[in-house]
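*Asks:* coords please:
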Amino acid sequence: MLAATAGLWGGYAQQPYFTTEEMPDLIKCLPAPPKKGSAAFRNDKERYKWGKRQRKDPARAEMARIDAAWSFDTLLMVFSEPFGMELSKEKTPEVWTLIARSLTTTDQIRFAPKAYYQRTRPFAYFKDEAFLAVDAPLKSEGSYPSGHTLRSWTCALILSEVNPAAAEAIFTRAWECGQSRVISGAHWQSDVDITRMAASIGYARLQTSGEFRKQMELAKKEIERIRKI
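*Replies:* You can find the predicted model right below:
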């Protein structure tokens with residue numbers, strides 16, 4: 001059981017908007033991962049092969065490497081370009097706080113299904129070496145759902161609300177963040193697909209927090225001030 005304690009983001013403690021018990025239970029909300037022998041699992045295996053082919057493109061392989069970083073600063077850097085300005089604790093502290101507290105909150109919903117299903121990672125299933133060294137320690141951690149996809153898609157949902165004009169660019173980049181996990185072989189395609197739905201479930205819960213709504217307004221006003229400079 002996770003308590004309502006502060007999560008760590010970039011060395012800073014962040015208080016979640018809700019405890020784990022107050023968040024939706026993904027085991028009850030979402031279907032189980034595809035069974036071996038099913039059409040969906042056959043598709044997962046084909047997508048793993050597709051991902052390995054994408055690695056031959058140096059630019060796409062580098063994007064996958066960047067997207068694999070479990071770093072708040074890297075995540076903000078990734079979305080700064082589509083958002084249209086630098087996002088950081090120094091440049092946009094209200095946006096930083098909004099994202100940090102929100103992702104600390106939604107991060108909690110992935111642990112239960114990972115432990116419950118204990119789905120084998122693709123690279124482990126095929127007895128391959130991890131494409132990225134950073135993913136090697138994840139071999140024994142459940143693949144379903146994808147924590148990286150949960151973070152990136154939730155971040156996109158929030159940032160597109162802060163800056164609706166940039167929504168298309170933000171979601172385009174967020175989509176590639178998820179696909180990066182397929183390309184790296186750390187997740188099955190079905191893991192990534194279901195996690196985008198999981199992110200929307202977490203995001204809907206955030207909307208019911210008065211503190212979240214207040215911080216959202218502060219973030220919007222901050223961006224408006226920066227644009228006027």
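*Asks:* and residue 61, how many neighbours?
*Replies:* By other CB atoms under 10 Å, the residues close to residue 61 number 16. C-beta coordinates here come from the backbone N, C-alpha and C atoms, glycine included.
*Asks:* what about it, which helix or strand?
*Replies:* With secondary structure defined by DSSP states H and E, residue 61 is part of helix 58-67.
*Asks:* Starting from that helix, tell me the next helix or strand along the chain.
*Replies:* Next along from helix 58-67, by DSSP H and E: helix 72-83.
*Asks:* and that following helix with helix 58-67, angle?
*Replies:* 130 degrees (axes from the mean of the first three to the mean of the last three CA atoms, to 10 degrees).
*Asks:* for helix 72-83, packing partners?
*Replies:* helix 58-67, helix 93-106, helix 147-162, helix 167-183 (3 or more CB pairs under 8 Å, 6 or more residues apart in numbering; DSSP states H and E).
*Asks:* Tell me which residues are up against it.
*Replies:* The contact list for helix 72-83, computed with CB atoms under 8 Å, 6 or more residues apart in numbering, reads 9-10, 66-67, 69, 86-88, 96, 99-100, 103, 151-152, 155-156, 159, 163, 166, 169-170, 172-174, 177.
*Asks:* Now the phi/psi pair for residue 118, please.
*Replies:* Note on residue 118: backbone dihedrals following degrees, to the nearest 10 are phi 50, psi 50.
*Asks:* any idea how far it lies from residue 87?
*Replies:* According to CB to CB, to the nearest Å, residue 118 and residue 87 sit 35 Å apart.
*Asks:* and those two? which has more neighbours close in?
*Replies:* A count of neighbours by other CB under 10 Å puts residue 87 above the other of residue 118 and residue 87, at 24 against 12.
*Asks:* for the more buried one, helix, strand, or coil?
*Replies:* coil (DSSP: H, G, I helix; E, B strand; the rest coil).
*Asks:* Thank you kindly, that will do.
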